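# below are the sequence and a predicted model for it; my questions follow.
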4 protein chains.
Amino acid sequence: ENRGCLLVKCPDKPGIVSVLSTFLHNHGSNIIESSQYSSDPENGIFFIRIEYHRENLLIEKENMENDFRDIAAAHDMEYDFSYRNDRKRSAIFVSKETHCLMELLWEWQNGDLDTDIVVVISNHEDARPIVESLGIPFHYIPANKDIRKQVEEEQIGLMDKYEVDLLILARYMQILTPDFVRHFESRIINIHHSFLPAFIGAGPYERAYERGVKLIGATSHYVTNNLDEGPIIEQDVERVDHRDDVINLKKIGRQIERRVLAKAVKWHLENRIIVEGNKTIVFH
Amino acid sequence: ENRGCLLVKCPDKPGIVSVLSTFLHNHGSNIIESSQYSSDPENGIFFIRIEYHRENLLIEKENMENDFRDIAAAHDMEYDFSYRNDRKRSAIFVSKETHCLMELLWEWQNGDLDTDIVVVISNHEDARPIVESLGIPFHYIPANKDIRKQVEEEQIGLMDKYEVDLLILARYMQILTPDFVRHFESRIINIHHSFLPAFIGAGPYERAYERGVKLIGATSHYVTNNLDEGPIIEQDVERVDHRDDVINLKKIGRQIERRVLAKAVKWHLENRIIVEGNKTIVFH
Amino acid sequence: ENRGCLLVKCPDKPGIVSVLSTFLHNHGSNIIESSQYSSDPENGIFFIRIEYHRENLLIEKENMENDFRDIAAAHDMEYDFSYRNDRKRSAIFVSKETHCLMELLWEWQNGDLDTDIVVVISNHEDARPIVESLGIPFHYIPANKDIRKQVEEEQIGLMDKYEVDLLILARYMQILTPDFVRHFESRIINIHHSFLPAFIGAGPYERAYERGVKLIGATSHYVTNNLDEGPIIEQDVERVDHRDDVINLKKIGRQIERRVLAKAVKWHLENRIIVEGNKTIVFH
Amino acid sequence: ENRGCLLVKCPDKPGIVSVLSTFLHNHGSNIIESSQYSSDPENGIFFIRIEYHRENLLIEKENMENDFRDIAAAHDMEYDFSYRNDRKRSAIFVSKETHCLMELLWEWQNGDLDTDIVVVISNHEDARPIVESLGIPFHYIPANKDIRKQVEEEQIGLMDKYEVDLLILARYMQILTPDFVRHFESRIINIHHSFLPAFIGAGPYERAYERGVKLIGATSHYVTNNLDEGPIIEQDVERVDHRDDVINLKKIGRQIERRVLAKAVKWHLENRIIVEGNKTIVFH
């Protein structure tokens, strides 16, 4: 594959697109897709995602990256080059409920998730058969708040061993410590089973039922050290009514959770997301 | 019109539907629409809405209501008879933003809101021309928190004068006192410009923008003395993204607000809503 | 389980609900859920679905059904009694694409489809491993239009052997003959990969792409001998845009297809559907 | 206002974005928004919409357009420059049903439609009061198929007199002749009251009812000489069920029609639409 993706963030000023597109053209690259956003055309911040094609990209990429350094410095750019060929390596954490894991595995088998799923870690044994049947290593690490530190050391050890780029919390029902989160900043995606910021924390379906809402939702977000307060990637909702008890809300919710998480993961893997402060810019 | 509507709430036990349907049949009534809900088939609470047709209903209704008393007593029923012919009388409170008012007036002109809009009250003059052009009395009552008591006295006076059954807050941006709310319990419908319980209180679009949500919403609810905590009648959402600034969120939100409020008002006018605790049962 | 479900269709006239609810009450049954619809309150057709609970239902059901015969005759009723305890037996036909099959199996494993899946039949081998891993018999019957008659004989043989009540076409890409369809009238549910009646027949995603539609959909319906013209049970859509090529439309479409088919099957299994002419009444 | 918009269509090849962005930069313009699409990165057609800001644009625009000619020729570009300051002039045709007209007028009054509505023409008098109350000329031209030629001459005369750029058919229930359509190619937007290509032609709600669909829709499209076959701009749907008779479908449909038409008109006015063959590319 000769496809690359360039993400850039810099102070907005005239000529940025010209500089970038001319750079790519001079390096024999054809822009396939390009999306941009400026927080404010006057003195705002400029964000762009460019997907391009270049012959012999894997041989030339080092040169390109080197040549780009001066441009980046001149325009005060933060940037990231990524290559379709370098598939990201994902780990999935899951607890007893496997619907989100199943959806990810299903999309992955269909070739719709461009990643290597290198390990699944769980504090329950439920997911082992399906995971191992697909040839993916499964690690059972029992967890509770009293042994959190030791559990996380073991988990971090596995993350390192498997060289994990992205950690997906597919309904993993344990809280992560600040140390753990810092280790994987902007690289942990969680699915929360409510339409955030409604129902932060535990028992969102129970609380949605108590409140009598007419729609329930799910939210995927990057994990930060403020519980359920990280940058939101995707949200969706479904209609419910007075006849839906908590069990039903959970059933309906599972459908929302799995599609919302799958979309967020997919966009992350395609380098479509830039985190800016506590928000995300998602280039569709 | 010979159409009536009977709402009943009582302890659930076998035979309730039989009792009610036999009563109606014995009084020459044909059931046109019937919806029911039980909070729990064993020892729960039973709710039913029956719409029926009877020849000469307006002459016979007093007899029917009298005859029903024994049944209601025997089964511990709370109930309400209403008649299509007795149109509810509605008042609308509005401030500067008129989109919700406009939607209600538009539905009303189309014959889709089965009510008499008897008065519009506002703390701004903006809505006067459109309201008066439709022959509806318009009262301008300036308001702020220092003169709240005197303002509400004037408002209550007008409510009494116009014999108002339903008060619709169509983006009325003043807080009502507990006294006022008590006066119109379960008869005030508000539209809140967020997906409750997210963004309770002031500035919901600004806060939605800050939080970076991917959907924004609106909620119509009965007003209680807990701000934005009353029983929810209807909610809806629209998708937004990082490019939508606060002005845009408000534009998109206006479309949600007007359709959500119009639905809630319509269902109230058709006696489709039963308030139970802090929730609503809405029989569609 | 002591739960039963009664579906009734008859000419609408006053007193029907009274007759039915009194019958059930006299037979010791408590109505748990009831939904009704009249095509026209004057001289229309009346439809009702009643779910009820009765102690010792399985012992008493024969008596109840006997006693009901006179009532049915007196009011010209078509009716059907079904019992939660008698789980329907389902067969699934599938071709190469397994996403709809997978969704049904997933719902079934979660206990959300109240049926026994007794056999899966396919003209391809792709689905065999997953089906057999769940302990469900899998039969490979190669098919093409030249051997249709003999294929269908074999299929009907299996349907009879496995005593199939419901046949689900989960993207089975062969046309069924009128003889076969007649054999299973109102008991075959198909998923068509378009928003019917748009794009009847083959290649709906290709044609949606050609036409430049902004939403694509899927439709589940009972199979009749008019291709894609049977009574519609459920439909849904997703937004697409000019960037979505046919491959993408198919990916997005798969998500719609699987949820639309799963809903239709679930409602059928819960006896929520009455077919009337070429339409369905679905009691949610 | 110093805002301009450039739409370009040309054969895709490396360097196009570089050429365009460098041209704009050299002419003192800052790109505010840019969206692009390629039908195929290899030998496809490339489309781009660039919104830019330039000081003294109205003075400089002639120079810019002149300088662009060589670039366009060199790269075989079709292109269009437009300027925020040159508001498009719109005419609206309407018949008896005014809901789409009302929505457009409402958006326009709110400042959300960037156009001058210069004339409303109708074959009924219903809309006259509201139109004239807003100071917009209203012309009543009775129409039927026998006098079509003479009616269209009169309409074209008014279009010319009012120098109309965009003609909006807001539920105008007369067929236009090929001559008329040719006169305004790609400048007539219609709202069709179905989810095209389902229910082309007359009576779509009646036919949706007959078919028993579970969603109804509306479609806005450019008018061509193939009835209801022109390039689709926007579509949307709402859920309906067996209880919705034709009158109800029409009520629900009106809500869809008005929002779908308003969106399409808005996007056209913002130069967000490129027509390509029988499809549209809409840059959001």
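Cool, the structure landed. Keep in mind it's a predicted model, so treat the numbers as computed, not measured. Residues are numbered from 1 along each chain as shown, chains lettered A, B, ... in the order given.
# how far does stretch A:96-107 sit from its chain's centre?
Distance of stretch A:96-107 from the chain centroid (Cα atoms, centre = their mean, to the nearest Å) equals 15 Å.
# what about stretch A:254-269 and chain B, any contact?
No - residues of stretch A:254-269 contacting chain B under Cβ under 8 Å from any Cβ of the partner chain: none, with a closest distance of 9.5 Å. Bear in mind the C-beta positions are built from the backbone N, C-alpha and C, glycine included.
# what about that stretch, distance to the chain center?
Here the centre of mass of C-alpha atoms in stretch A:254-269, compared against the chain's by Cα atoms, centre = their mean, lies 9 Å away.
# one more: stretch A:77-95?
Chain-centre distance of stretch A:77-95: 9 Å, with Cα atoms, centre = their mean.
# mind checking the pLDDT average for it?
Per-residue confidence for stretch A:77-95 averages out to 96 on the pLDDT scale.
# for that stretch, which positions count as buried?
Buried residues in stretch A:77-95, counted by 16 or more other Cβ atoms under 10 Å in any protein chain shown: A:77, A:79, A:82, A:84, A:88, A:89, A:90, A:91, A:92, A:93, A:94, A:95.
# and those residues near chain B, which?
Near chain B, judged by Cβ under 8 Å from any Cβ, there are no entries from these.
# would you format those as TSV with secondary structure included?
Shown next, in TSV, are the buried residues of stretch A:77-95 (DSSP: H, G, I helix; E, B strand; the rest coil):
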residue	secondary structure
A:77	coil
A:79	strand
A:82	strand
A:84	coil
A:88	strand
A:89	strand
A:90	strand
A:91	strand
A:92	strand
A:93	strand
A:94	strand
A:95	coil
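# now those residues in a markdown table, with distance to residue C:12?
Rendered in a markdown table, the data for the buried residues of stretch A:77-95 read as follows (distance: Cβ to Cβ, whole Å):
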| residue | distance to residue C:12 |
| --- | --- |
| A:77 | 73 |
| A:79 | 71 |
| A:82 | 66 |
| A:84 | 64 |
| A:88 | 62 |
| A:89 | 65 |
| A:90 | 59 |
| A:91 | 61 |
| A:92 | 56 |
| A:93 | 57 |
| A:94 | 53 |
| A:95 | 52 |
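# and the two most separated of those residues?
Distances among those were taken as Cβ to Cβ; the most separated pair is A:77 and A:95, at 40.7 Å.
# stretch A:9-26 near chain B at all?
No - under the criterion of Cβ under 8 Å from any Cβ, chain B is not reached by stretch A:9-26; the shortest gap measures 12.8 Å.
# correction: the previous question concerned stretch A:274-282.
Yes - under the criterion of Cβ under 8 Å from any Cβ, stretch A:274-282 makes contact with chain B via A:278, A:279, A:280, A:281, A:282.
# quick one: which of those residues is most hemmed in?
Counting neighbours by other Cβ atoms under 10 Å in any protein chain shown, the top entry in the residues of stretch A:274-282 next to chain B is residue A:280, with 25 neighbours.
# pLDDT at residue A:284, what is it?
The model reports residue A:284 with a pLDDT of 89.
# wait, it sits on residue A:270?
No - Residue A:284 sits out of contact with residue A:270 when judged by Cβ atoms under 8 Å, with a separation of 9.9 Å.
# and those two? Which one has more around it.
Each of residue A:284 and residue A:270 has its neighbours counted (other Cβ under 10 Å); residue A:270 has more, 18 against 10.
# mind listing which of the residues of stretch A:274-282 next to chain B are in strands?
For the residues of stretch A:274-282 next to chain B, the ones inside strands are A:279, A:280, A:281, A:282, with DSSP state E as the criterion.
# on that earlier part again, between the residues of stretch A:274-282 next to chain B, which is nearest chain C?
Sorting the residues of stretch A:274-282 next to chain B by how near they are to chain C, with Cβ to the nearest Cβ, puts residue A:282 at the top with 14.9 Å.
# distance to residue B:24 added to the residues of stretch A:274-282 next to chain B, as a markdown table?
Written out in a markdown table, the entries for these read as follows (distance: Cβ to Cβ, whole Å):
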| residue | distance to residue B:24 |
| --- | --- |
| A:278 | 58 |
| A:279 | 57 |
| A:280 | 57 |
| A:281 | 60 |
| A:282 | 56 |
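# tell me how many other residues surround the closest residue to residue A:98 other than its chain neighbours.
Distances taken as Cβ to Cβ, 6 or more residues apart in numbering or on different chains put residue A:127 closest to residue A:98, at 5.1 Å, once the chain neighbours are dropped. For residue A:127, the number of neighbouring residues by other Cβ under 10 Å comes to 24.
# with residue A:44 instead?
For residue A:44, the neighbour count with other Cβ under 10 Å is 13.
# what's near enough to touch it?
For residue A:44, the contact set (Cβ atoms under 8 Å, 6 or more residues apart in numbering or on different chains) comprises A:11, A:12, A:38.
# report the buried members of the residues you listed.
With burial judged by 16+ other Cβ under 10 Å, the buried subset of the contacts of residue A:44 is A:12, A:38.
# nearest to chain B, of the contacts of residue A:44?
Each of the contacts of residue A:44 was checked against chain B using Cβ to the nearest Cβ; the closest is residue A:38, at 9.4 Å.
# closest to chain C among the contacts of residue A:44?
Distances from the contacts of residue A:44 to chain C were compared by Cβ to the nearest Cβ; the smallest belongs to residue A:38, at 21.7 Å.
# look up phi and psi at the closest one.
Dihedral pair for residue A:38: phi -120, psi 130, per degrees, to the nearest 10.
# mind pulling up the pLDDT for it?
Looking at residue A:38, its pLDDT stands at 92.
# that one reaches residue D:51, doesn't it?
No - the criterion here is Cβ under 8 Å, and residue A:38 misses it with residue D:51 at 10.7 Å.
# find residues that contact each of these two.
D:32, D:33.
# the closest residue to chain B within the stretch 1-150 of chain A and residue B:123, how far apart?
Taking Cβ to the nearest Cβ as the measure, the point where the stretch 1-150 of chain A comes nearest chain B is residue A:37, at 6.1 Å. Counting by Cβ to Cβ, to the nearest Å, the gap from residue A:37 to residue B:123 is 39 Å.
# got it, and residue A:71?
For residue A:71, the distance to residue B:123 (Cβ to Cβ) stands at 56 Å.
# next: residue A:246.
Distance from residue A:246 to residue B:123, by Cβ to Cβ: 42 Å.
# the more surrounded of the two?
Taking residue A:246 and residue B:123 together and counting by other Cβ under 10 Å, residue B:123 has the greater number of neighbours (18 against 15).
# now the strand or helix carrying residue A:221: buried residues?
Element membership for residue A:221 (DSSP states H and E) is strand A:215-222. For strand A:215-222, the buried set under the neighbour-count rule, 16+ other Cβ under 10 Å, comprises A:215, A:216, A:217, A:218, A:219, A:220, A:221, A:222.
# which elements pack onto that strand?
The helices and strands touching strand A:215-222, judged by 3 or more Cβ pairs under 8 Å, 6 or more residues apart in numbering or on different chains; DSSP states H and E, are strand A:188-192, strand A:232-239, helix A:246-269, strand B:232-239.
# wait, does the second one contact chain D?
Translated: strand A:232-239. No - remark: strand A:232-239 sits outside contact range of chain D, by Cβ under 8 Å from any Cβ, the gap being at least 9.0 Å.
# run me through the strand neighbours of the strand holding residue A:221, direction for each.
Strands adjacent to strand A:215-222 in the sheet, as given by DSSP bridges, are strand A:188-192 (antiparallel), strand A:232-239 (antiparallel).
# specify the beta-bridge partners of the residue in the stretch 51-200 of chain A that chain D sits nearest to.
Sorted by distance to chain D under Cβ to the nearest Cβ, the residues of the stretch 51-200 of chain A start with residue A:53, at 6.0 Å. The partner list for residue A:53 in beta bridges (DSSP bridges) reads residue A:3, residue A:30.
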